[in-house]
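[1] Sequence first, predicted model second:
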Amino acid sequence: MIVKACTPCMVLQAFSVSHRCKMGTNFYLYSKPCKCCGRSDEPLHIGKSSAGWAFALHVYPEKGINNLEDWKQIFKNADKIIVSEYGDEKTYDEMIDKITNRSHPRGLNRSYVDGRHCIGNGEGTYDYIIGEFF
């Protein structure tokens, strides 16, 4: 095991040879590929899960996705697949749990509601975020 700083975040961590610095996980909604041609629509970013933070739930007011209830209706569509940026498929229940059942020993950090990036703190362990995710 090697101890070194993770360049993107400058946090000292113990690395094994196979370690990847994973600061958070993005989730995407894909349409199932067409049975005839294999084509799928562009994925829609659902949000990001980061340790110690409320889930950053990506909302799209221009698409009618304003809150978790809107996302739940979309997740229930049988033609959609939820996938992490690492290729792991999630069920409806797993995704809702990831968004709403979060904790951290020191409590969860919440995004500051500024009206430009974070437009609100959700009723649970999630915040409503618009715009680009970095």
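    It's in.

[2] Just give the number of residues close to Trp53.
    Trp53 has 18 neighbouring residues, counting by other CB atoms under 10 Å. In this view, the C-beta of every residue, glycine as well, is placed from N, C-alpha and C.

[3] what's the closest residue to it other than its chain neighbours in contact with, if anything?
    Nearest residue to Trp53 in three dimensions, chain neighbours excluded: Asn109, at 4.8 Å (CB to CB, 6 or more residues apart in numbering). Counting by CB atoms under 8 Å, 6 or more residues apart in numbering, Asn109 touches Gly52, Trp53, Ala54.

[4] Not counting stretch 54-64 itself, show me its contacts.
    44-50, 65-68, 70-71, 98-100, 102, 108-111, 119, 121-122, 125-130, 133.

[5] from the residues you listed, which ones fall inside helices?
    Leu68, Asp70, Trp71, Lys98, Ile99, Thr100 (DSSP state H).

[6] Mind giving me the PyMOL command for buried ones among those?
    Only the buried entries of the ones in helices among the contacts of stretch 54-64 go into this PyMOL selection, using 16 or more other CB atoms under 10 Å:
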select buried, resi 68+71+98+99
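
[7] Farthest pair within the ones in helices among the contacts of stretch 54-64?
    Within these, two members stand farthest from each other by CB to CB: Asp70 and Lys98, at 16.9 Å.

[8] For Ile65, give the beta-bridge partners.
    Counting by DSSP bridges, Ile65 forms beta bridges with Tyr60.

[9] Please list only the buried members of the contacts of stretch 54-64.
    The buried subset of the contacts of stretch 54-64 - by 16+ other CB under 10 Å - is 44-50, 65, 68, 71, 98-99, 102, 108, 111, 119, 122, 125-130.

[10] Below-threshold pLDDT in this protein: ranges please.
    1-22, 134 (pLDDT under 70).

[11] Please, where are all the strands along this protein?
    2-6, 11-15, 24-31, 44-50, 55-58, 80-84, 89-90, 118-121, 126-129 (DSSP state E).

[12] how about the CA coordinates for stretch 69-89, as CSV?
    Taking Å, rounded to 0.1, in the frame of the first residue of the first chain, the C-alpha atoms of stretch 69-89 are listed here in CSV:
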residue,chain,number,x,y,z
GLU,A,69,-41.7,13.4,-7.5
ASP,A,70,-41.2,14.3,-11.2
TRP,A,71,-38.1,12.1,-11.3
LYS,A,72,-40.0,9.2,-9.7
GLN,A,73,-42.6,9.3,-12.5
ILE,A,74,-39.8,9.1,-15.1
PHE,A,75,-38.0,6.3,-13.3
LYS,A,76,-41.1,4.2,-13.4
ASN,A,77,-41.1,4.3,-17.2
ALA,A,78,-40.3,0.7,-18.4
ASP,A,79,-38.4,2.0,-21.4
LYS,A,80,-35.8,3.7,-19.1
ILE,A,81,-32.6,2.4,-17.5
ILE,A,82,-30.7,4.0,-14.6
VAL,A,83,-27.0,3.6,-14.8
SER,A,84,-24.0,5.0,-12.7
GLU,A,85,-21.1,6.5,-14.5
TYR,A,86,-19.3,3.2,-13.7
GLY,A,87,-21.8,1.2,-15.6
ASP,A,88,-23.8,-0.2,-12.7
GLU,A,89,-27.5,-0.5,-13.4
